[in-house]
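[1] Kindly return the folded structure for what I paste below:
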Amino acid sequence: MAHPPDTQPYPPIADYGLISDMHSCALVSRAGSIDWCCFPRFDSPSVFGRILDWRKGGHFLLAPRDVRSVTRRYVPETNILETEFQTGDGSATLTDFMPVHPHSKPEQPREVSSRQQIVRSLKCTNGNVDFVMECMPRFDYGSVVPHAQLDGPHAGFAHGGGEAISLYCSSEVQIENDGFSSGGRLEAGQRLWACVTYRSRFSHNVKKPHESELELSLIETTSFWRKWAALCTYEGAYRDDVIRSALTLKALTYAPSGGLVAAATTSLPEDIGGERNWDYRYTWIRDTSFAIYALSILGYREEASAFKDWLEWSTVGRARDLQVMYGVGGERRLTEIRLDELEGYRRSQPVRIGNGAHSQQQLDVYGELLDAAHLYRKFVGPFEMQYWDSCRRVVEFVIDHWHEPDEGIWETRGGPQHFVFSKVLCWVALDRAIKAARALGLSADLDRWRAVRAEIKQDVLQKGFDAERGTFVQAYGSNNLDAAALALPLFGFIRADDQRMRSTIESIERDLTSPEGFVYRYRNFDDGLSGDEGAFTICTYWLADNFIALGDIDRARELFERLKGYANDLGLLSEQIDGQSGEMLGNFPQAFSHMALINTAVMLQRAERRRGAVRDLTKVRPSSGEAVS
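    This is a model prediction of the structure:
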């Protein structure tokens, strides 16, 4: 991988924690700096964005000076972040959160955004600490340096380019560098509050918050997250990890629509210094269907229903017009733009907003759309006839187009191919539609659908399996391995213990893994881009899932534990892991990775229970004295 020199002072991706109000989010570094935040939505232009350009992007810092050590945690079963600083003369705890407004309606975006806040509290817990506060907003990805003005000794207002923020700080504020700063000393027991409120229009007549209101907001936000976390039905050995992953998925959910962003960021590189930098702040059908399953198996029915509503709303229309991804509000035009004026994280260029893959033909999304409908039916209940009519149109499209090439699950930019995973997901589309029609007594041409389902399967087994190598391949006519094949048993296309699948698993483990056993998506394949990438987190969980399906529970648990060890100190996972250094790569935190953790943890729990039941049976002796097998 390319690692350019002089890339400081960018912190490692693992240094960041996530806070969210389920409209937008912010990334908080170990140093107490908010280096990424977009208002009013996840996919809006950044207000604080120095994670993509240290000089231009803007930040919001609150921390002691002379810090000697840092520890962090989330307040248990919440998305409220606490950072403990030790200094030469004392200690202090920084509390960061965004007040939640989960039931705001999508038709009221202005009213919603006017209430959006980042609330920060620094409390001296021992001795005394000297602190610094810097609030340097830079609107529209750093392109707009605002006009800053004071509004009394403890408040400021900054606006530019049609956007604005107001600042409240319980310490006296001054203007500095087109932003605001403050400093002073806290003695043991003293607390400083700092709050940024987003404004979407030119008005600084914002009611200044009272500290009692901020304290109440902290109590209410804590209560919200804990009540939500308490709904989780998982009680296995990895409950803390599962709850953290579930809370992360909830934090990446856009409350007004039910859409889920793939990650909180754009353009964090898959290859440091390279061009593999993408905008993940959108809602993929693929990710949404996986999220429905991950949250449903934890008992979260409301989220599954909200995701289904988002899917129905966003994907309505002709099946041929179905997109891979949409904006969180269902927007379809996600034109990809390069922001060449930004340096990029550790000089990784280009910085991109929008995502050109939205216009790609990826046939697997039709299978994922119908799999999402199947999961909704399984975990929530029957769906409306209008939605079934839409599903039938999808089935007919798949019947007419499954044999065509596409760009595939990995959204390669090297041209269409007959990707095996895409063909399998076309099989899934037919399979799930058949199951729904039979279970609910819905109108369907079942004989025709079954015939096409069988035809697709036979086609994949003939053209997608290399008998000489003994593996499923990436695409028809190719001899490349692809970790997407690990998902075939997970979708029910083939059993993991089928010899064809077993040998594929062995080949992937041998030829597509890092020294730590983490799985790459593919190797030695021209995907239309330069450079390399890291091991893919979700693919590694898929390998563990296949171990479980093969009955090798101990091996699956060992891989799960090893991968879990590469989460950061807050339990957050990135998209990829550098196979040499072990550092996080790609956008962060990554929904795909946390969905996969949940699924593998639940599979491990079920497998352990089955193994325990078998052990119990072997203790029961029949009258002949022989053990029951």
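
[2] Which phi and psi values does the residue lying closest to A229 once chain neighbours are set aside adopt?
    Nearest-residue entry for A229: E77, 3.8 Å, with adjacent residues in sequence omitted and distances by C-beta to C-beta, 6 or more residues apart in numbering. Any C-beta I mention is one placed from the backbone N, CA and C, and that applies to glycine too. Torsion angles at E77 (phi, psi; degrees, to the nearest 10) stand at phi 60, psi 40.

[3] Make 617 the first number, not 1, from now on.
    Sure, I'll start numbering at 617, so the last one becomes E693.

[4] contacting residues for E693?
    Taking C-beta atoms under 8 Å, 6 or more residues apart in numbering as the definition of contact, the neighbours of E693 are W841, R842, A845, A846, I859, L863.

[5] got the contact list for A1055?
    A1055 makes contact with R993, according to C-beta under 8 Å, 6+ apart.

[6] How about T882?
    Remark: with contacts taken as C-beta under 8 Å, 6+ apart, T882 is in contact with L668, N893, W894, D895, Y896, R897, V967, R968, I969, N1203.

[7] Not counting sequence-adjacent ones, nearest residue to it?
    Here the nearest residue to T882 in space, its sequence neighbours aside, is D895; by C-beta to C-beta, 6+ apart that works out to 3.8 Å.

[8] same check, this time on R801
    In this structure, R801 finds its nearest non-sequential neighbour in D746, 5.2 Å apart by C-beta to C-beta, 6+ apart.

[9] can you confirm the one you found is in a strand?
    Yes - D746: assigned to a strand according to DSSP: H, G, I helix; E, B strand; the rest coil.

[10] from memory V1076 sits against V1044, does it?
    No - under the criterion of C-beta atoms under 8 Å, V1076 makes no contact with V1044, lying 11.4 Å away.

[11] list the residues that contact both of these two?
    For the pair V1076 and V1044, residues contacting each of them under the criterion C-beta under 8 Å, 6+ apart are F1109.

[12] Who has more neighbours out of those two?
    Neighbour count, other C-beta atoms under 10 Å: between V1076 and V1044, V1044 has more, with 27 against 23.

[13] Wait, the more buried one touches L1106, no?
    No - in terms of C-beta under 8 Å, V1044 does not count as a neighbour of L1106; the distance is 10.4 Å.

[14] Give me the buried entries from the contacts of E693.
    In the contacts of E693, burial by neighbour count holds for W841, A845, I859, L863, counting by 16 or more other C-beta atoms under 10 Å.

[15] ok, those residues vs R1008, which is closest?
    Comparing the buried ones among the contacts of E693 against R1008 with C-beta to C-beta picks out L863 as the nearest, at 36.7 Å.

[16] Mind giving me the packing neighbours of the helix or strand where that closest one lies?
    Element membership for L863 (DSSP states H and E) is helix 855-867. In terms of contacts (3 or more C-beta pairs under 8 Å, 6 or more residues apart in numbering; DSSP states H and E), helix 855-867 is packed against strand 632-636, helix 827-845, helix 901-912, helix 1207-1234.

[17] what's the helix or strand following that helix in contact with?
    For helix 855-867, the succeeding helix or strand toward the C-terminus, using DSSP H and E, is strand 869-870. By C-beta under 8 Å, 6+ apart, the surrounding residues in contact with strand 869-870 are M638, H639, R657, F658, G875, L876, V877, T899, E919, A922, V944, G945.

[18] Go again with 10 Å.
    Outside of strand 869-870, the residues within contact range by C-beta atoms under 10 Å, 6 or more residues apart in numbering are 636, 638-640, 657-659, 718, 722, 875-877, 897, 899, 907, 911, 919, 922-923, 926, 943-945, 1207.

[19] Got a ChimeraX select line for the buried ones in the residues you listed?
    This is the ChimeraX syntax for the buried subset of the contacts of strand 869-870, where burial follows 16+ other C-beta under 10 Å:
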select :636,638,639,640,657,658,659,875,876,877,897,899,907,911,919,922,923,926,943,944,945,1207
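
[20] Next up, the contacts around E1071.
    Residues in contact with E1071, defined by C-beta under 10 Å, 6+ apart, are I1015, W1018, H1019, W1043, L1046.

[21] I misspoke; the intended subject was L1220.
    The neighbourhood of L1220, defined by C-beta under 10 Å, 6+ apart, consists of G852, A853, Y854, A1160, D1161, F1163, I1164, I1169, A1172, R1173, F1176.

[22] D1047 now?
    The contact partners of D1047, by C-beta under 10 Å, 6+ apart, come to 983, 986-987, 990, 1040-1041, 1065-1066, 1069, 1072-1073, 1107-1109.

[23] cool, and A935?
    A935 makes contact with 982, 985, 1006-1014, 1016-1017, according to C-beta under 10 Å, 6+ apart.

[24] Could you do R1118 as well?
    Here R1118 is in contact with G1086, P1105, R1111, A1112, N1162, A1165, L1166 (C-beta under 10 Å, 6+ apart).
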